[in-house]
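In: One predicted model, sequence on top.
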Amino acid sequence: MWEKKKQHVVPKVYLKWFCNNKWLLNFYDRETWKYKEQRPENVWWIKHFYTIVWNEWEKDFSIEDFFSNEIENDIWNIFQKINKYE
């Protein structure tokens, strides 16, 4: 089974609203002291952040599923409505 390891602390749907015209985020990397561009899929995620581990063979992704399937869809619709009235 495919694991949902890469779980975003800041939802991708939210990050997409801050992308430039190339659909990249501009951010400052404190380790290299340089500005960078990255795709939303590659930033602000933590491996298994929302995963519940029951034992070494069983992992529960229900929290990640809830956020990605329920909350993020609602957020996207809200952002579109806000953008429409600017």
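Out: Cool, the structure landed.
In: Show me the strands in this protein, by range?
Out: Along the chain, counting by DSSP state E, strands occupy 6-8, 25-29, 34-38, 45-47, 52-53, 59-60.
In: quick one: contacts of the longest helix along the chain?
Out: In terms of residue count, the longest helix belonging to the chain (DSSP state H) is helix 72-84. Helix 72-84 is contacted by residues 11, 12, 13, 14, 17 when judged by CB atoms under 8 Å, 6 or more residues apart in numbering. The C-beta positions use only the backbone N, C-alpha and C, and glycine is treated the same way.
In: if I look at the nearest residue to residue 65 once chain neighbours are set aside, how far off is residue 71?
Out: Excluding the flanking residues, the one nearest residue 65 by CB to CB, 6 or more residues apart in numbering is residue 4, at 7.8 Å. Applying CB to CB, to the nearest Å, the value for residue 4 to residue 71 is 15 Å.
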